[in-house]
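Trainee: take a look and give me a structure for this.
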Amino acid sequence: MNLFVILKRTFDTEEKISIANGAIAHDSAEYIINPYDEYAIEEAITLRDTHGGEVTVVTVGTEESEKELRTALAMGADKAVLIDAEELDHSDQFTTAAILATYFKEQEFDLILGGNVAIDNGTGQVGPRLAELLDIPQVTTITKLEINGTDVKIERDVEGDVEKIETSLPLLVTAQQGLNEPRYPSLPGIMKAKKKPLETLELDDLDIDEDDVEAKTKTIEVYLPAKKEAGKILSGELNDQVKELVSLLRSEAKVI
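Mentor: Next comes the predicted model:
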């Protein structure tokens, strides 16, 4: 079985984010594998161990992403591919999905797994966009996955309930918390990861014209939310409180 995991490099979940000149300051930040992608990696490894085959992790990014790819290899993935898009805004979901689609159209795959969302932008778009470009079925936010031949049974989260779906390979799924418990890289796994193949591809290697994958969105400014102010307690007669409330909503809150 040919299993692929699409991976994203994100801020450490415990990292204190700082803003400078209307943008996130990246220089001092610590990065990790997007936590939801870890569920996808774990599920791919488990499926490989059950059904045989190979797990390849793929990311669109810069050379700094090699660290996270090596971590995935240390967890148990077999191969890694870095598509170097340093000259592009690969944070744009259209751009990322278009680049990945070009890569996957040249691959033989049975199942593509990814995280439900990335913890930085939280859009959840790349997986569904990629499936649409590849013209294959997709199921998001899965919490259970069973494969029998080409038949697939899936359970997914739907607003506090469970939806059961039957579909077939080839398929793209995105993983939700509860699908499994991701393993930590072991010392032997870390040593083996150093010898596992990590391929770097340039956009030219994929015959991608930059104009064809140009970002569709642009971040104008990033800023922290305003500090919350103390609440006000209105006093006096009820009619007076209502008048004061309306006045505050109009003059301070500016909602009416």
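Trainee: nearest spatial neighbour of S168, skipping sequence neighbours?
Mentor: Leaving aside its chain neighbours, S168 sits nearest to T150 (5.0 Å; criterion: CB to CB, 6 or more residues apart in numbering). (C-beta placed from N, C-alpha, C; glycine too.)
Trainee: what's the local residue count around that neighbour?
Mentor: 11 (other CB atoms under 10 Å).
Trainee: how close does it get to G189?
Mentor: T150 sits 30 Å away from G189, going by CB to CB, to the nearest Å.
Trainee: again, but for T123
Mentor: According to CB to CB, T123 stands 31 Å off from G189.
Trainee: R156 too?
Mentor: Per CB to CB, R156 is found 30 Å from G189.
Trainee: now swap in D84 and tell me
Mentor: Distance, D84 to G189, by CB to CB: 25 Å.
Trainee: cool, F109 as well?
Mentor: Here the criterion is CB to CB. By it, F109 lies 24 Å from G189.
Trainee: V5 falls within a strand, correct?
Mentor: Yes: under DSSP: H, G, I helix; E, B strand; the rest coil, V5 sits within a strand.
Trainee: how deep is it tucked in, by neighbour count?
Mentor: Neighbour count of V5, defined by other CB under 10 Å: 28.
Trainee: now do the contacts for it.
Mentor: Going by CB atoms under 8 Å, 6 or more residues apart in numbering, V5 touches 37, 40-41, 44, 55-58, 72, 77, 112-114.
Trainee: please name the bridge partners of it.
Mentor: Taking DSSP bridges as the rule, V5 bridges to V57, L113.
Trainee: surely D78 touches I45?
Mentor: No: using CB atoms under 8 Å as the test, D78 is too far from I45 to be in contact (9.1 Å).
Trainee: direction included, what does the top strand by length along the chain pair up with?
Mentor: The single longest strand within the chain, with elements called by DSSP state E, is strand 138-148. Sheet pairing for strand 138-148, assigned by DSSP bridges, gives strand 151-158 (antiparallel), strand 171-175 (parallel).
Trainee: will you turn those into TSV that also has mean neighbour count and distance to D12?
Mentor: Output for the strands paired with strand 138-148, formatted as TSV (neighbours: other CB atoms under 10 Å; distance: least, CB to CB, whole Å):
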stretch	mean neighbour count	distance to D12
strand 151-158	16	25
strand 171-175	25	19
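Trainee: would you map the helices across the stretch 101-250 of the chain?
Mentor: Assigned by DSSP state H, counting those that start in this stretch, the helices in the stretch 101-250 of the chain fall at 126-134, 187-193, 238-251.
Trainee: now the longest one: average pLDDT?
Mentor: The average pLDDT for helix 238-251 rounds to 89.
Trainee: next up, the contacts around the closest residue to T62 other than its chain neighbours.
Mentor: Among residues not flanking T62 along the chain, E86 sits closest, at 4.5 Å (CB to CB, 6+ apart). By CB under 8 Å, 6+ apart, the residues touching E86 are G61, T62, E63.
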